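Colleague: Model the structure of this input:
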Amino acid sequence: MKAAMKAREKETLGAIRLIQAEFKRIEVDERIEIDDARALAIMDKMVKQRRDSAKQYRDAERPELAEQEDAEIAIIQTFLPAQLSANEIDAMIDEALAGIDTEGMAAMGAIMGKLKPQLQGRADMGEVSQRVKAKLGA
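Modeller: Residues are numbered from 1 along each chain as shown. Next up, the predicted model:
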């Protein structure tokens with residue numbers, strides 16, 4: 001935050017303040033101390049919200065607002081772990097499938113429950129869900 005202030009990067013500073021405000025809001029509302037896993041989940045949710053907003057702005061022909069959301073996404077993602085490649089995600093799905101007894105769509109919940117903690121902040125869970133459905137043959 002200090003580096004962004006010294007460099008006079010208004011967009012970066014604004015995004016950092018948004019992250020801090022969300023952390024503080026959750027700490028106060030839920031009366032908890034945020035750990036690393038929860039911080040990843042919060043930032044992952046923030047990225048998802050901004051993607052949805054950017055899509056809505058583009059649909060409403062407001063590209064300047066969509067670009068602002070995209071800039072915030074890029075800044076928030078700098079604080080998230082590196083994104084996994086498609087091959088790495090597929091390998092993790094295959095590993096989770098091997099440990100599940102049920103087959104077909106009945107296994108979807110168990111697989112996603114097993115994958116979510118491992119992939120939180122490292123992959124788009126919507127994309128992971130689509131890949132799991134494809135592997136299950138749905």
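Colleague: Where does Met43 sit: helix, strand or coil?
Modeller: helix (DSSP: H, G, I helix; E, B strand; the rest coil).
Colleague: residues contacting it?
Modeller: Ile19, Ile76, Phe79, Leu80, Gly121 (Cβ atoms under 8 Å, 6 or more residues apart in numbering). In this view, the C-beta of every residue, glycine as well, is placed from N, C-alpha and C.
Colleague: Go through those residues and say which is closest to Met46.
Modeller: Nearest to Met46 among those: Ile76, at 5.6 Å, using Cβ to Cβ.
Colleague: wait, what's in contact with Leu119?
Modeller: Counting by Cβ under 8 Å, 6+ apart, Leu119 touches Leu84, Ile89, Met92, Met125, Val128.
Colleague: And the helices in the protein, which stretches?
Modeller: 2-6, 10-30, 36-59, 63-77, 86-98, 108-119, 125-136 (DSSP state H).
Colleague: what would the ones you listed look like in JSON lines with mean pLDDT?
Modeller: What follows is those, written out as JSON lines (pLDDT from 0 to 100):
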{"stretch": "helix 2-6", "mean pLDDT": "81"}
{"stretch": "helix 10-30", "mean pLDDT": "92"}
{"stretch": "helix 36-59", "mean pLDDT": "92"}
{"stretch": "helix 63-77", "mean pLDDT": "93"}
{"stretch": "helix 86-98", "mean pLDDT": "87"}
{"stretch": "helix 108-119", "mean pLDDT": "86"}
{"stretch": "helix 125-136", "mean pLDDT": "86"}
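Colleague: which non-adjacent residue is nearest the spatially most central residue of the chain?
Modeller: The chain has Asp44 as the residue nearest its centroid, 2.6 Å off, counting by Cα atoms, centre = their mean. Sequence neighbours aside, Gly121 is the residue nearest to Asp44 in space, at 4.8 Å (criterion: Cβ to Cβ, 6 or more residues apart in numbering).
Colleague: Distance of that neighbour relative to Gln83?
Modeller: Distance of Gly121 to Gln83, computed by Cβ to Cβ, to the nearest Å: 9 Å.
Colleague: between those two, which one's more packed in?
Modeller: Shown here are Gly121 and Gln83; by other Cβ atoms under 10 Å, Gly121 has more neighbours (21 against 13).
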